[in-house]
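> attaching a predicted model along with its sequence, questions to come.
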Amino acid sequence: MLLNVHNLKKSFGDELLFDRVSFSVDDHDKIGFVGINGAGKSTLIKILLGEMSYDSGEVFKNRFTKIGYLDQYACNDSELSVLEETLTVYQDVMTIEQELEEIRWDIEQKNGDLEQLVERQNKLSEQFAQRDGFVYRSKARATLLGLGFSEEEFSLPVKALSGGQKTRVSLGKILLSDANLLFLDEPTNHLDIASVEWLEEFLVAYKGAFIIISHDRYFLDKVTNKTFELKSGNFYSMNGNYSAYAAQSEIAQLSAERKYENIQREIKRLEGIVEQQRRWNREKNIKTAESKQKVIDKLKEDLVEPDEVPEETAFSFRAFAGGGKDTLICEELAKRFDEEFLFEHVSLHITKGEKVFLVGANGCGKTTLLKIITGAYEPTRGDFKIGANTFLGYYDQIQENLHLDKTILDEVWDEYPKMTETQIRNALAAFLFRGEDVFKEIKTLSGGERARVELVKLILKEVNFLLLDEPTNHLDIGSREALEKALSAYDGTLLCVSHDRYFMNRLATKIVELQKDGIRVFDGNYDDYLERIRNTKPVQEQSGGQDYREQKRLAAEKRKKANQLERTEQEIEVTEQAIETLNAELEKPEIAQDYEKVQEISVQIGEQNEKLEQLYQQWEQLHQELEELE
């Protein structure tokens, strides 16, 4: 057991945030932590970290527990490069490495007591191996590549990175640390789908435990085996990933509500009997009334009121009538910034009623393509045509169209001045802005609240072609599900940029993958897309597709790389065995007393370690090249 929490309680003033929170974390628990925004998830994590006090209860941490969390590895003002900053988590390893190099030099030069030097060398070599000393540089590089950094970006100074890039460096440091309990708060933010999938593979293979706060349901389903939830001040824990928990939770809620209603009915029935017996007022009647009253008191004492179900966002998109069969036709679109093309050869045909999702690596131009279609940007080359009687509605993930000094009510009303205040308030109420809430200024709102204001403005617009740029960002799970429900019933056309794979699975009829030299189009939802790119060629390939000869060339190249990878793995195995054999030789008493032999073997170990490091780098390069060919 790494962590144990018993009857934890936390209030802010007179407001109770949560009470009677009890749970334990074992060394292989993979925990997803869910709940609406403001439920208290981040507060509970801060309490566990010792950063925040609590009213009552107990928190026990095993003396072997080492916690890793994002702020601990922050690197905002670092003067180091991306790779150098990442390697700082291995400072102890680099210190050992330096000392081993000095000892090897002393042994070669016969400086000092050779017996003591060899003894110290053996001890340090063991520590070095335990802390991944032979592969730590390769692991750091592989982690940065997995999180979406290119080799060219390894040398960039951290202080020059964007906020999202700095967060990715910090995340990489956490993953490489020697912590055995990770606290990760929305770790998939700032990651593209490829990086999220890499992170999933890492966490599935991770040997420690973790608690992840996330609204990414697909991600939670992949990596967790237990789920925590804070709801209405109460804490719940169940085995299983998010989908299993959601199903169990719904059943438990219905069961609690029925039990509560049944007990209430029984109390009412017994109260009727008590009232009747007291009216008759005979000795026997009084005894009966007292007996029944005891039952009532016991039922009330044990009565557990079911959790109040959070109010749900409830809205619908109404497609404006009209529009022909062809909603959007793009022909050879390209966009260049300075001398570099962001993308080119984009030819795309979207027909009425399709729900199309645009995917691709961060920075590949997905938002730029949407802005070209809205008319905000001019294409460098190519052309596009919006269908007749097709009217666009655009959701901006950056929320640039919001006026920070306006109130919520004025922000929407100024956009639709012909509507009455009642009509505006009714629309806002569907997104849980009620009463005095509508007079809050935009600048005081959270990211999720601002997203809901943007959605209110969008549903009131008379459109039949929705362009949405990351609409689920900042939304909690309940709001995401409400948006899914609304878009499922929407009978217009949808073009959406999203990293939310659960969202795509629910809605997509087509996936479009944007690349630098064109697009690839796949029928179906995200899982269909994933299956096709892993197992077969896409049903349809547009600009940038390969012909038969190119496919044969790629297949031959893949076989070649796969063979090289296998040979490298065999060499690694042989080299590791050689190092083990040499270390075993050093431990023999007759060798330890032969200083010249010790020196000779130590040199051989150093050479083999250098060879092993080169082999690991070669393996990583081949593995990456093979993945790119896939």
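Received it, and whenever you're ready, just let me know what you need. Numbering: from 1, shown residues only.

> so for stretch 69-89, what gets flagged as buried?
Residues of stretch 69-89 classed as buried under the neighbour-count rule (16 or more other CB atoms under 10 Å) are 69-70, 73, 75, 78, 81-83, 85-87, 89. For every residue, glycine as well, the C-beta is placed using N, CA and C.

> with distance to H215, pLDDT and secondary structure as added columns, please give those in TSV.
Converted to TSV, the buried residues of stretch 69-89 look like this (distance: CB to CB, whole Å; pLDDT from 0 to 100; DSSP: H, G, I helix; E, B strand; the rest coil):
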residue	distance to H215	pLDDT	secondary structure
Y69	19	89	strand
L70	16	78	helix
Y73	22	72	helix
C75	25	79	coil
S78	29	82	coil
S81	33	93	strand
V82	28	93	helix
L83	31	93	helix
E85	28	93	helix
T86	27	93	helix
L87	32	93	helix
V89	28	90	helix
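
> out of the residues you listed, who's nearest L44?
Taking CB to CB as the measure, L44 lies nearest Y69 of the buried residues of stretch 69-89, at 12.8 Å.

> could you give the bridge partners of that closest one?
F183 (DSSP bridges).

> residue farthest from the centroid of the chain?
Largest separation from the mean C-alpha position in the chain: R282, at 69.4 Å (CA atoms, centre = their mean).

> I'd say V196 and Y502 touch.
No: judged on CB atoms under 8 Å, V196 makes no contact with Y502 at a distance of 11.7 Å.

> got any residues that touch both of these two?
Shared contacts of V196 and Y502, defined by CB atoms under 8 Å, 6 or more residues apart in numbering, comprise D216.

> looking at these two, which one has more neighbours?
Y502 (23 against 20; other CB atoms under 10 Å).

> check which helix or strand that one maps to.
Assigned by DSSP states H and E, Y502 belongs to helix 501-507.

> could you point out where the chain is predicted with low confidence?
Applying pLDDT under 70 to the chain flags residues 72, 306-316, 536-553, 555-556, 592-595, 630.

> distance of the spatially most central residue of it relative to A194?
Central residue of the chain (CA atoms, centre = their mean): T188, 2.7 Å from the mean position. T188 sits 12 Å away from A194, going by CB to CB, to the nearest Å.

> check H403 too.
The spacing between H403 and A194, counted by CB to CB, is 36 Å.

> go on, D500?
Going from D500 to A194 by CB to CB gives 15 Å.

> so which of the two has more stuff around it?
Per other CB under 10 Å, whichever of D500 and A194 has more neighbours is D500, with 27 against 16.

> test my guess that that one contacts Y218.
Yes: the pair D500 and Y218 passes the contact test of CB under 8 Å, sitting 7.3 Å apart.

> export only the CA atoms of stretch 617-630, formatted as CSV.
Listed next in CSV are the C-alpha coordinates belonging to stretch 617-630 (Å, rounded to 0.1, in the frame of the first residue of the first chain):
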residue,chain,number,x,y,z
GLN,A,617,20.4,4.6,-29.9
GLN,A,618,20.5,2.6,-33.1
TRP,A,619,17.5,0.5,-31.9
GLU,A,620,15.5,3.7,-31.1
GLN,A,621,16.3,5.2,-34.5
LEU,A,622,15.3,2.0,-36.3
HIS,A,623,12.1,1.6,-34.2
GLN,A,624,11.1,5.2,-35.1
GLU,A,625,11.8,4.8,-38.8
LEU,A,626,9.8,1.5,-38.9
GLU,A,627,6.8,3.3,-37.1
GLU,A,628,7.0,6.1,-39.7
LEU,A,629,6.9,3.5,-42.5
GLU,A,630,3.8,1.9,-41.0
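
> let me see the ranges of the helices in the stretch 251-400 of the chain.
Secondary structure of the stretch 251-400 of the chain, counting by DSSP state H, counting those that start in this stretch: helices at 283-302, 366-374.

> closest one to I31 among the ones you listed?
Closest approach to I31 among the helices of the stretch 251-400 of the chain (CB to CB): helix 283-302, 30.5 Å.

> name the residues of that closest one that are buried.
288-289, 292-293, 296.

> which elements pack onto the strand or helix carrying C496?
According to DSSP H and E, C496 maps onto strand 493-497. Packing partners of strand 493-497 (3 or more CB pairs under 8 Å, 6 or more residues apart in numbering; DSSP states H and E): strand 326-337, strand 340-351, strand 355-359, helix 366-374, strand 465-469.

> element containing L230, please.
Going by DSSP H and E, L230 is part of strand 226-231.

> all set now, cheers.
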